[in-house]
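# got a predicted structure plus its sequence, pasted below:
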Amino acid sequence: MIMIRTPLRISFAGGGSDLRVFYKKRYGAVVSTAINKYMNVMIHPYFHNKIRIKYSKTEDIDSVDEIRHPIVREGLKLLDVDKGVEIASIADVPARTGLGSSSSFTVSLLHALSAYKRRLVTKKWLAEKACEIEIGILKEPIGKQDQYAVSFGGLNYMRFNPDETVWIEPLTLNCQIKKQLENNLLMFYVGNERRAKQILNEQRKRMREEDKYKTVFEMVNIAEEMKQFLFQGVLEEFGKLLHKAWLLKRGLTDKISNLQLDEIYSKALKAGAVGGKILGAGGGGFFLFYCEPKYQDKLRKALNLRELEFKFENEGTKIVYFDGQ
């Protein structure tokens, strides 16, 4: 049996600039970090020499073409695995909550299949092939940040270039600054698990409008400012940029926020948060806030939402168990 563990991620600024419709004209840029919440994928020889897949459903089929799960189907085709395997997945948090679980699953699956085939692959290869499957083959309206964030792990500045290359700059902060940043971030579950596809389709369509394109370019500038403030250890300015980025993001389409989310955000600011944002495409899932420790209990009480405690994660996708017999 082989078990792969791949982190989920939170994105601070620049989301949307990793869509091809944007970075083909100018480069995009994102600041994000992997966190210690994971997608686990296991692969094991299947006695009946068929294909069994266990996720929210169970598929037991004879051929790859019969597979209903599109990512698994394309992953098996890519790695030329056509029978005799059982694949199962377990996640620390629900899907469709803005933490990049779909890309984390794709990277985990490709990593597991590569290990099963005794192929040594790089994190760059896993990220590229995950993009190829999700964006190129399955035509999902998503960007490229998640695949790289979960493959490489760590706190990073990522740049998406018009020639399709991706530059990753690890933000190697002073240990004290990094710990302070980690301690000042809180995440709350607001529910409304949603499919990002509709929101991202509209966002991609609206980005062809000049004013929306300029908005995303402002978000790229914020990502670059954020990187500098992190290096300087000026964390309150980081929090203010988180606020500024959220105001820009929620203006891209009317589906990113709603009255419930606006009310949550208003309560958070009154309770002492400096800034925050809905993670992922928007509409629901997890709300992230930057809040100094002296105000955190007040924030928790004001929101009265389920909190998800987390830490930054530095390793990225990895093999945690390998029995090659």
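Happy to help now that I have it.
# quick one, strands of the protein?
2-13, 28-45, 51-54, 58-61, 85-91, 155-160, 166-170, 185-191, 275-278, 285-290, 306-307, 318-322 (DSSP state E).
# residue 178 is nearest to which of the ones you listed?
strand 155-160 (7.2 Å; Cβ to Cβ). (Each C-beta comes from the backbone N, C-alpha and C, glycine too.)
# now tell me what touches that closest one from outside.
Residues outside strand 155-160 that contact it (Cβ atoms under 8 Å, 6 or more residues apart in numbering) are 14, 17-18, 23, 27-34, 143-145, 148-149, 166-171, 173, 178, 223-224, 227, 230, 312.
# count of neighbours near residue 138?
Residue 138 has 14 neighbours, counted by other Cβ atoms under 10 Å.
# so what's it up against?
Applying Cβ under 8 Å, 6+ apart to residue 138 gives the contacts 70-71, 74.
# try residue 46
Taking Cβ under 8 Å, 6+ apart as the test, what residue 46 contacts is 52, 83-86.
# out of the contacts of residue 138, who's nearest residue 298?
Residue 298 has its nearest neighbour among the contacts of residue 138 in residue 71, at 41.9 Å by Cβ to Cβ.
# any idea how far the residue lying closest to the closest one once chain neighbours are set aside lies from residue 11?
Using Cβ to Cβ, 6 or more residues apart in numbering and skipping the chain neighbours, the partner closest in space to residue 71 is residue 106 (5.3 Å). According to Cβ to Cβ, to the nearest Å, residue 106 stands 17 Å off from residue 11.
# could you check which of these two has the larger neighbour count?
Higher neighbour count among residue 106 and residue 11: residue 106, with 32 against 26, using other Cβ under 10 Å.
# list the contacts for that one?
71, 75, 130, 133-134, 147.
# just the pLDDT for it.
For residue 106, the pLDDT comes out at 98.
# from residue 5, how far out is it?
From residue 106 to residue 5 the distance is 14 Å (Cβ to Cβ).
# ok, now residue 283?
28 Å.
# skipping its backbone neighbours, what lies nearest the residue most central in space within the chain in space?
Central residue of the chain (Cα atoms, centre = their mean): residue 100, 2.9 Å from the mean position. Spatial nearest neighbour of residue 100, excluding adjacent residues (Cβ to Cβ, 6+ apart): residue 146 at 3.8 Å.
# quick revisit: now intersect the contacts of residue 138 with the helices, please.
70-71, 74 (DSSP state H).
# give me the pLDDT for the residue of the chain positioned farthest from its centre.
Using Cα atoms, centre = their mean, the residue of the chain lying farthest from its centre is residue 48. It sits 35.6 Å away. Residue 48 is assigned 90 on the pLDDT scale.
# offset the numbering so it begins at 25, please.
Sure, I'll start counting at 25 from here, so that last one is residue 72.
# for it, phi and psi?
Per-residue torsions, residue 72: phi -80, psi 0 (degrees, to the nearest 10).
# and it, how close does it get to residue 237?
Residue 72 is 53 Å from residue 237, by Cβ to Cβ.
# returning to that earlier point: and the contacts of residue 70 as TSV, adding distance to residue 276 and pLDDT?
Supplementary listing: the contacts of residue 70 in TSV, determined by distance: Cβ to Cβ, whole Å; pLDDT from 0 to 100:
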residue	distance to residue 276	pLDDT
76	41	96
107	45	93
108	46	94
109	41	96
110	42	97
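# can you lay out those as a markdown table showing distance to residue 290 and neighbour count?
What follows is the contacts of residue 70, written out as a markdown table (distance: Cβ to Cβ, whole Å; neighbours: other Cβ atoms under 10 Å):
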| residue | distance to residue 290 | neighbour count |
| --- | --- | --- |
| 76 | 48 | 17 |
| 107 | 55 | 14 |
| 108 | 55 | 15 |
| 109 | 50 | 19 |
| 110 | 49 | 18 |
